[in-house]
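Undergrad: Just to be clear, the model below is a prediction. Sequence and coordinates:
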Amino acid sequence: MLRILHNNKVTSEQLTELLYQVRRAPWYGSFVQGLPIAGVNDRFVGGTLRNRLTTAPVKGKVVAKTGNLNSVSSLAGYVETKKGETLIFTVLTQGQTKSTIPTIDRIAMILANS
């Protein structure tokens, strides 16, 4: 089995901090509008999340960037809770033989239900 090592690793903490700091930037509105919105069927709005997180209460409540590369899957962005709070989250998985997307989506659903 060929194992590819990536030398450009970023931690979940670093991505979360970046998403936190971006909220203070004057261009934050443009940035967040460019992120895919979970469960929105229009490919220009839902993008890579158009077929994920498609049921209530998470549909339309997760705005995030997906990532997939050689047995690495990730989702990082913002989720609106049932109370209307915005949470920042980052989930990174690596080295799994089966897809981790269902687990990542389950985490996003739990956050939206909080």
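TA: Received, thanks.
Undergrad: ok, residue 105 - contacts?
TA: 52-53, 75 (C-beta atoms under 8 Å, 6 or more residues apart in numbering). The way it works is simple: take the backbone N, C-alpha and C, and place the C-beta from them, glycine included.
Undergrad: Serialize the residues you listed to JSON lines and add fields for pLDDT and distance to residue 114.
TA: JSON lines is the format used below for these (pLDDT from 0 to 100; distance: C-beta to C-beta, whole Å):
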{"residue": "52", "pLDDT": "97", "distance to residue 114": "19"}
{"residue": "53", "pLDDT": "96", "distance to residue 114": "15"}
{"residue": "75", "pLDDT": "97", "distance to residue 114": "16"}
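Undergrad: ranking those residues by neighbours, who comes first?
TA: In terms of neighbours by other C-beta atoms under 10 Å, those top out with residue 75 at 28 neighbours.
Undergrad: Next one: the nearest residue to residue 95 once chain neighbours are set aside relative to residue 28, how far apart?
TA: Sequence neighbours aside, residue 71 is the residue nearest to residue 95 in space, at 5.6 Å (criterion: C-beta to C-beta, 6 or more residues apart in numbering). Residue 71 sits 32 Å away from residue 28 when distances are taken as C-beta to C-beta, to the nearest Å.
Undergrad: which of those two has more neighbours?
TA: Taking neighbours as other C-beta under 10 Å, residue 71 and residue 28 compare with residue 71 leading, 15 against 12.
Undergrad: any idea how far residue 13 is from that one?
TA: Applying C-beta to C-beta to residue 71 and residue 13 gives a distance of 21 Å.
Undergrad: For this structure, which segments count as strands?
TA: Ranges of strands in the chain, per DSSP state E, are 62-69, 72-80, 86-94.
Undergrad: so where's the longest helix in this structure?
TA: Identified as the longest helix of the chain according to DSSP state H is helix 101-113.
Undergrad: what comes up buried for that helix?
TA: Along helix 101-113, these residues count as buried under the neighbour rule (16 or more other C-beta atoms under 10 Å): 104-105, 108-109, 111-112.
Undergrad: Export the residues you listed to TSV and append columns for pLDDT and distance to residue 65.
TA: What follows is those, written out as TSV (pLDDT from 0 to 100; distance: C-beta to C-beta, whole Å):
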residue	pLDDT	distance to residue 65
104	97	12
105	97	14
108	97	12
109	96	18
111	97	16
112	96	17
